[in-house]
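Undergrad: The following block contains a protein sequence and its predicted model.
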Amino acid sequence: RWRLSPAGGVQRVERSYHGETLVLETTFHTDDGAVRLTDCMPIRRTSVDLVRIVKGLSGRVPMHMDLRMRFDYGSILPWVVKDDGRVRATAGPDSMILTTPVPTEGAGNSTVADFVVNEGDEVPFVLAWFPSAESPPRSGEAQRLVRDTISWWDKWSKRCTYEGESRDLCMRSLLTLKALTYAPTGGIVAAATTALPEWIGSVRNWDYRYCWLRDSVLTLFALMSGGYHDEAYAWRDWLLRAAAGDPSQLQIMYGLSGERRLTE
(Lines give C-alpha, C1' and ligand atoms only; values in the text may rest on other atoms or scores of the structure.)
Protein backbone atom coordinates (compact mmCIF):
# COMPACT_ATOMS: atom_id res chain seq x y z
CA ARG A 1 0.00 0.00 0.00
CA TRP A 2 0.97 3.62 -0.31
CA ARG A 3 -0.83 5.83 2.19
CA LEU A 4 -0.40 9.59 1.81
CA SER A 5 -2.76 11.58 4.02
CA PRO A 6 -3.02 14.29 6.68
CA ALA A 7 -1.53 13.33 10.02
CA GLY A 8 -4.22 15.16 12.02
CA GLY A 9 -8.00 15.16 12.12
CA VAL A 10 -9.83 15.12 8.78
CA GLN A 11 -13.18 16.92 8.62
CA ARG A 12 -14.21 15.77 5.15
CA VAL A 13 -12.81 14.40 1.90
CA GLU A 14 -13.77 15.33 -1.68
CA ARG A 15 -12.68 13.21 -4.62
CA SER A 16 -13.12 13.70 -8.38
CA TYR A 17 -11.35 13.29 -11.70
CA HIS A 18 -9.73 16.26 -13.42
CA GLY A 19 -12.11 16.95 -16.29
CA GLU A 20 -12.43 14.12 -18.81
CA THR A 21 -9.20 12.40 -17.75
CA LEU A 22 -8.04 9.65 -15.42
CA VAL A 23 -6.10 12.08 -13.22
CA LEU A 24 -7.59 11.77 -9.73
CA GLU A 25 -7.83 14.71 -7.33
CA THR A 26 -8.55 14.19 -3.62
CA THR A 27 -9.07 17.21 -1.34
CA PHE A 28 -8.65 16.78 2.42
CA HIS A 29 -10.24 19.39 4.68
CA THR A 30 -8.56 19.14 8.08
CA ASP A 31 -8.43 20.94 11.41
CA ASP A 32 -5.23 22.65 10.22
CA GLY A 33 -6.19 23.59 6.65
CA ALA A 34 -6.78 21.95 3.29
CA VAL A 35 -4.56 20.01 0.85
CA ARG A 36 -5.16 18.46 -2.55
CA LEU A 37 -3.60 15.13 -3.52
CA THR A 38 -3.26 14.56 -7.27
CA ASP A 39 -2.68 10.98 -8.45
CA CYS A 40 -1.99 9.73 -11.96
CA MET A 41 -0.20 7.10 -13.97
CA PRO A 42 1.53 8.79 -16.93
CA ILE A 43 1.17 7.22 -20.35
CA ARG A 44 3.60 4.28 -20.48
CA ARG A 45 7.27 5.02 -21.09
CA THR A 46 10.25 2.69 -20.54
CA SER A 47 9.38 2.51 -16.86
CA VAL A 48 5.91 2.35 -15.31
CA ASP A 49 5.27 5.32 -13.05
CA LEU A 50 2.81 6.42 -10.39
CA VAL A 51 2.91 10.16 -9.70
CA ARG A 52 1.48 11.85 -6.59
CA ILE A 53 1.58 15.56 -5.76
CA VAL A 54 0.44 17.12 -2.49
CA LYS A 55 -0.56 20.80 -2.83
CA GLY A 56 -1.34 23.09 0.06
CA LEU A 57 -4.63 24.97 -0.42
CA SER A 58 -4.89 26.70 2.96
CA GLY A 59 -3.35 26.66 6.41
CA ARG A 60 -0.42 24.51 7.45
CA VAL A 61 -1.17 20.78 7.23
CA PRO A 62 1.06 18.03 8.71
CA MET A 63 1.20 15.01 6.37
CA HIS A 64 2.24 11.39 6.85
CA MET A 65 3.40 8.87 4.23
CA ASP A 66 3.47 5.08 4.72
CA LEU A 67 4.81 3.10 1.73
CA ARG A 68 4.89 -0.72 1.90
CA MET A 69 6.41 -2.15 -1.27
CA ARG A 70 5.73 -5.84 -2.02
CA PHE A 71 5.89 -8.08 -5.08
CA ASP A 72 4.02 -11.16 -6.29
CA TYR A 73 0.64 -10.34 -4.73
CA GLY A 74 2.26 -9.12 -1.52
CA SER A 75 4.10 -12.39 -0.80
CA ILE A 76 7.66 -11.10 -1.37
CA LEU A 77 9.34 -8.60 0.94
CA PRO A 78 11.93 -6.67 -1.11
CA TRP A 79 15.46 -5.58 -0.27
CA VAL A 80 15.22 -1.82 0.34
CA VAL A 81 18.22 0.55 0.06
CA LYS A 82 18.95 4.22 -0.54
CA ASP A 83 20.17 4.75 -4.12
CA ASP A 84 21.56 8.23 -4.82
CA GLY A 85 19.10 9.72 -2.34
CA ARG A 86 16.19 7.69 -3.64
CA VAL A 87 14.50 4.68 -2.05
CA ARG A 88 14.94 1.51 -4.10
CA ALA A 89 13.19 -1.81 -3.47
CA THR A 90 14.31 -4.97 -5.28
CA ALA A 91 13.13 -8.59 -5.34
CA GLY A 92 14.09 -11.00 -8.12
CA PRO A 93 13.29 -9.47 -11.52
CA ASP A 94 11.42 -6.46 -10.12
CA SER A 95 12.54 -3.11 -8.77
CA MET A 96 10.78 0.08 -7.72
CA ILE A 97 12.33 3.42 -6.93
CA LEU A 98 10.80 6.37 -5.07
CA THR A 99 11.87 9.91 -5.89
CA THR A 100 10.80 12.78 -3.62
CA PRO A 101 12.39 15.80 -1.92
CA VAL A 102 10.85 14.68 1.38
CA PRO A 103 13.25 12.89 3.77
CA THR A 104 12.23 9.26 4.28
CA GLU A 105 13.21 6.58 6.77
CA GLY A 106 12.57 2.92 7.42
CA ALA A 107 10.06 1.89 10.06
CA GLY A 108 9.85 -1.87 10.34
CA ASN A 109 9.01 -3.09 6.84
CA SER A 110 7.68 0.30 5.74
CA THR A 111 9.16 3.47 4.28
CA VAL A 112 7.68 6.46 6.09
CA ALA A 113 7.90 10.24 6.02
CA ASP A 114 6.44 13.15 7.95
CA PHE A 115 6.30 16.64 6.43
CA VAL A 116 4.27 19.86 6.55
CA VAL A 117 2.52 21.51 3.59
CA ASN A 118 1.88 25.25 3.64
CA GLU A 119 -0.54 27.10 1.39
CA GLY A 120 0.89 27.14 -2.14
CA ASP A 121 3.45 24.38 -1.52
CA GLU A 122 3.66 21.43 -3.92
CA VAL A 123 5.38 18.25 -2.72
CA PRO A 124 5.98 15.65 -5.48
CA PHE A 125 6.40 11.87 -5.31
CA VAL A 126 7.25 9.60 -8.25
CA LEU A 127 7.26 5.80 -7.80
CA ALA A 128 8.63 3.90 -10.81
CA TRP A 129 8.80 0.17 -11.59
CA PHE A 130 11.64 -1.16 -13.76
CA PRO A 131 13.47 -4.49 -14.42
CA SER A 132 15.91 -5.03 -11.55
CA ALA A 133 18.79 -5.99 -13.87
CA GLU A 134 18.67 -2.55 -15.48
CA SER A 135 19.77 0.84 -14.18
CA PRO A 136 17.08 2.87 -12.39
CA PRO A 137 15.23 5.25 -14.73
CA ARG A 138 15.72 8.96 -14.49
CA SER A 139 12.75 10.42 -12.68
CA GLY A 140 10.67 12.87 -14.67
CA GLU A 141 9.52 16.14 -13.15
CA ALA A 142 6.24 15.27 -11.41
CA GLN A 143 4.34 18.44 -12.36
CA ARG A 144 5.28 18.01 -16.03
CA LEU A 145 4.24 14.35 -15.98
CA VAL A 146 0.82 15.31 -14.61
CA ARG A 147 0.40 18.09 -17.22
CA ASP A 148 1.39 15.71 -20.04
CA THR A 149 -1.02 13.06 -18.77
CA ILE A 150 -3.90 15.55 -18.58
CA SER A 151 -3.08 16.77 -22.11
CA TRP A 152 -3.00 13.20 -23.48
CA TRP A 153 -6.39 12.29 -22.00
CA ASP A 154 -7.91 15.64 -23.04
CA LYS A 155 -6.94 14.98 -26.65
CA TRP A 156 -8.34 11.45 -26.51
CA SER A 157 -11.61 12.59 -24.91
CA LYS A 158 -12.13 15.31 -27.52
CA ARG A 159 -12.32 12.62 -30.22
CA CYS A 160 -15.56 11.30 -28.73
CA THR A 161 -18.50 11.62 -31.13
CA TYR A 162 -21.23 10.60 -28.69
CA GLU A 163 -23.64 13.44 -27.89
CA GLY A 164 -26.61 11.51 -26.54
CA GLU A 165 -28.17 11.08 -23.11
CA SER A 166 -25.94 11.16 -19.99
CA ARG A 167 -22.84 12.03 -21.99
CA ASP A 168 -20.75 12.68 -18.86
CA LEU A 169 -21.45 9.18 -17.54
CA CYS A 170 -20.81 7.59 -20.93
CA MET A 171 -17.53 9.50 -21.26
CA ARG A 172 -16.41 8.28 -17.86
CA SER A 173 -17.17 4.70 -18.93
CA LEU A 174 -15.28 5.14 -22.21
CA LEU A 175 -12.26 6.46 -20.30
CA THR A 176 -12.33 3.39 -18.07
CA LEU A 177 -12.58 1.03 -21.06
CA LYS A 178 -9.68 2.80 -22.76
CA ALA A 179 -7.61 2.30 -19.61
CA LEU A 180 -8.21 -1.45 -19.94
CA THR A 181 -6.55 -1.55 -23.38
CA TYR A 182 -2.90 -2.62 -23.60
CA ALA A 183 -1.12 -0.38 -26.09
CA PRO A 184 1.91 -2.63 -26.85
CA THR A 185 -0.29 -5.45 -28.25
CA GLY A 186 -3.85 -4.17 -28.67
CA GLY A 187 -5.23 -6.66 -26.15
CA ILE A 188 -8.11 -5.61 -23.89
CA VAL A 189 -8.46 -6.97 -20.37
CA ALA A 190 -11.83 -7.76 -18.86
CA ALA A 191 -11.13 -5.80 -15.66
CA ALA A 192 -8.21 -4.49 -13.62
CA THR A 193 -9.21 -6.73 -10.70
CA THR A 194 -6.28 -8.82 -9.44
CA ALA A 195 -7.69 -10.58 -6.40
CA LEU A 196 -11.46 -10.77 -6.16
CA PRO A 197 -12.40 -13.59 -3.76
CA GLU A 198 -14.86 -16.23 -4.94
CA TRP A 199 -16.65 -15.41 -1.70
CA ILE A 200 -15.51 -13.55 1.43
CA GLY A 201 -13.00 -15.74 3.25
CA SER A 202 -12.67 -18.28 0.42
CA VAL A 203 -9.32 -19.76 -0.65
CA ARG A 204 -9.74 -18.84 -4.36
CA ASN A 205 -9.17 -15.42 -5.87
CA TRP A 206 -10.06 -14.39 -9.39
CA ASP A 207 -7.71 -12.41 -11.64
CA TYR A 208 -9.52 -10.68 -14.51
CA ARG A 209 -6.46 -9.22 -16.25
CA TYR A 210 -6.99 -11.52 -19.22
CA CYS A 211 -8.56 -11.05 -22.64
CA TRP A 212 -11.93 -12.75 -22.99
CA LEU A 213 -13.11 -12.58 -26.61
CA ARG A 214 -16.69 -11.95 -25.48
CA ASP A 215 -15.75 -9.08 -23.15
CA SER A 216 -13.42 -7.56 -25.71
CA VAL A 217 -16.13 -7.47 -28.38
CA LEU A 218 -18.55 -5.74 -26.01
CA THR A 219 -15.82 -3.23 -25.10
CA LEU A 220 -15.08 -2.54 -28.77
CA PHE A 221 -18.76 -2.01 -29.51
CA ALA A 222 -18.89 0.66 -26.80
CA LEU A 223 -15.67 2.36 -27.96
CA MET A 224 -16.74 2.37 -31.62
CA SER A 225 -20.14 3.79 -30.65
CA GLY A 226 -18.19 6.69 -29.18
CA GLY A 227 -16.16 7.18 -32.35
CA TYR A 228 -13.02 5.33 -31.28
CA HIS A 229 -11.88 2.99 -34.06
CA ASP A 230 -8.11 2.82 -33.56
CA GLU A 231 -8.62 0.49 -30.61
CA ALA A 232 -10.73 -1.81 -32.79
CA TYR A 233 -8.04 -2.05 -35.47
CA ALA A 234 -5.38 -2.78 -32.84
CA TRP A 235 -7.54 -5.50 -31.26
CA ARG A 236 -8.29 -7.06 -34.66
CA ASP A 237 -4.54 -7.45 -35.24
CA TRP A 238 -4.17 -8.87 -31.71
CA LEU A 239 -6.91 -11.43 -32.41
CA LEU A 240 -5.32 -12.57 -35.68
CA ARG A 241 -2.04 -13.21 -33.88
CA ALA A 242 -3.70 -14.90 -30.90
CA ALA A 243 -5.86 -17.18 -33.08
CA ALA A 244 -2.99 -18.32 -35.31
CA GLY A 245 -3.35 -21.93 -36.43
CA ASP A 246 -6.58 -23.86 -36.69
CA PRO A 247 -9.64 -21.63 -36.05
CA SER A 248 -11.38 -24.59 -34.43
CA GLN A 249 -8.87 -24.33 -31.59
CA LEU A 250 -9.91 -20.78 -30.69
CA GLN A 251 -9.93 -20.21 -26.93
CA ILE A 252 -12.44 -18.16 -24.96
CA MET A 253 -9.60 -16.16 -23.38
CA TYR A 254 -5.93 -15.29 -23.84
CA GLY A 255 -3.17 -13.33 -22.17
CA LEU A 256 -2.45 -9.68 -22.96
CA SER A 257 0.01 -10.66 -25.67
CA GLY A 258 -2.05 -13.61 -26.92
CA GLU A 259 -0.63 -16.21 -24.52
CA ARG A 260 -2.60 -19.45 -24.56
CA ARG A 261 -1.21 -21.30 -21.55
CA LEU A 262 -2.77 -19.43 -18.65
CA THR A 263 -2.22 -20.12 -14.96
CA GLU A 264 -5.19 -20.02 -12.61
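TA: Great, that's in hand.
Undergrad: Please make it C-alpha for all contacts and neighbour counts, starting now.
TA: Noted.
Undergrad: Assign a three-state SS to the closest residue to Pro6 other than its chain neighbours, would you?
TA: Counting by C-alpha to C-alpha, 6 or more residues apart in numbering, Met63 is the residue found nearest to Pro6 once chain neighbours are left out, at 4.3 Å. Reducing the assignment to helix, strand or coil with DSSP: H, G, I helix; E, B strand; the rest coil, the entry for Met63 is strand.
Undergrad: which residues does Met63 contact?
TA: Met63 is in contact with Leu4, Ser5, Pro6, Ala7, Gly8, Asp114, Phe115, Val116, Val117, counting by C-alpha atoms under 8 Å, 6 or more residues apart in numbering.
Undergrad: repeat that with 7 Å
TA: Ser5, Pro6, Ala7, Asp114, Phe115, Val116 (C-alpha atoms under 7 Å, 6 or more residues apart in numbering).
Undergrad: can you tell me which of those are in strands?
TA: Using DSSP state E to define strands, the subset of those located there is Ser5, Pro6, Asp114, Phe115, Val116.
Undergrad: is it true that the first one touches His64?
TA: Read it as Ser5. Yes - taking contact to mean C-alpha atoms under 7 Å, the distance of 5.8 Å between Ser5 and His64 places them in contact.
Undergrad: So between those two, which is more surrounded?
TA: In this view Ser5 and His64 are compared by other C-alpha atoms under 10 Å, and Ser5 has more residues nearby, 19 against 16.
Undergrad: tell me the contacts of that one?
TA: For Ser5, the contacting residues are Met63, His64, Met65, by C-alpha under 7 Å, 6+ apart.
Undergrad: what's the closest of those to Leu145?
TA: Nearest to Leu145 among the contacts of Ser5: Met65, at 21.0 Å, using C-alpha to C-alpha.
Undergrad: Excluding residues flanking it in the chain, which one is nearest that closest one?
TA: Leaving aside its chain neighbours, Met65 sits nearest to Leu4 (4.6 Å; criterion: C-alpha to C-alpha, 6+ apart).
Undergrad: how about the one you found, what does it touch?
TA: Under the contact definition (C-alpha under 7 Å, 6+ apart), the residues listed for Leu4 are His64, Met65, Asp66.
Undergrad: Could you single out the nearest of these to Leu22?
TA: Taking C-alpha to C-alpha as the measure, Leu22 sits nearest to Met65 out of the contacts of Leu4, at 22.7 Å.
Undergrad: rewinding a little: so which of the ones in strands among the contacts of Met63 is surrounded by the most neighbours?
TA: The most crowded member of these is Pro6, carrying 24 neighbours; neighbours defined as other C-alpha under 10 Å.
Undergrad: Wait, Ala190 touches Asp215, no?
TA: Yes - Ala190 sits in contact with Asp215 when judged by C-alpha under 7 Å, with a separation of 6.0 Å.
Undergrad: Between the two, which has more neighbouring residues?
TA: Set side by side, Ala190 and Asp215 show unequal neighbour counts under other C-alpha under 10 Å, the larger going to Ala190 at 21 against 17.
Undergrad: show me what contacts the more buried one?
TA: Ala190 makes contacts with Tyr208, Arg209, Tyr210, Cys211, Trp212, Asp215, as judged by C-alpha under 7 Å, 6+ apart.
Undergrad: now, the most widely separated pair of those?
TA: Of all pairs drawn from the contacts of Ala190, the one with the largest separation by C-alpha to C-alpha is Arg209 and Asp215; the distance is 11.6 Å.
Undergrad: circling back to that earlier point, what pairs with the residue nearest to Pro6 across the strands?
TA: Each beta-bridge partner of Met63 is listed here: Pro6, Phe115, as defined by DSSP bridges.
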